[in-house]
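1. Have a look at this fold, sequence not included:
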């Protein structure tokens, strides 16, 4: 396969961002569902455990959506299409994702501990989840986005 042109790379990154955005919306929805609705009933006394588990569950569902959409739409120009869609590739995709999850978990827990309680738009929370949790999650999403793209591009979807 010929080396990827600048134009092809540009569109690949655009597709990556669109797919990543979709997976992130799914991740955030699952995170919110568990952090605001499910785990407060189960882990009322353990807010950090609720935060960590909600983040992990959102990540897992988002990762699955991301894999399906990445294989189908993002990485089109690959050296070996069959190998890039194999179980081994999914395992590597998941490993890169798990490293991203570890970075996310560490960053979210640290940022939530460091950020002050805040009020935005006259409210202390968005949909029952504190603003500092949303901000921590958004910051870490941006950081891990770069890791995910580079890791997947270099190790799985080589072009």
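-> Sure, I can see it. As the structure is a prediction and not an experimental result, all values here were calculated from the model.

2. Next secondary structure element downstream of the lowest-mean-pLDDT helix or strand in the chain?
-> Using mean pLDDT, DSSP states H and E, helix 81-84 stands out as the lowest-scoring helix or strand of the chain, at a mean of 65. Next in sequence after helix 81-84, counting helices and strands by DSSP states H and E, comes helix 87-114.

3. All the helices of this structure, residue numbers only.
-> Ranges of helices in the chain, per DSSP state H, are 6-32, 39-42, 47-69, 81-84, 87-114, 131-155.

4. Most tightly packed of these?
-> Mean neighbour count (mean count of other C-beta atoms under 10 Å) peaks for helix 47-69 among the helices of the chain, with a mean of 19. (C-beta placed from N, C-alpha, C; glycine too.)

5. mean confidence for that one?
-> Average pLDDT, helix 47-69: 88.

6. contacts for that helix?
-> 19-20, 22-24, 26-32, 34-35, 39-40, 42-43, 90, 93-94, 97, 100-101, 104-105, 108-109, 112, 133, 137, 148 (C-beta atoms under 8 Å, 6 or more residues apart in numbering).

7. cool, stretch 125-138 as well?
-> Residues contacting stretch 125-138 (C-beta under 8 Å, 6+ apart): 28, 31-32, 35-37, 51, 55, 104, 107-108, 111-112, 115-120, 123-124.

8. swap the cut-off to 6 Å and go again
-> Stretch 125-138 has contacts (C-beta atoms under 6 Å, 6 or more residues apart in numbering) with 32, 35, 36, 108, 111, 112, 115, 118, 120.

9. Lovely, talk soon.
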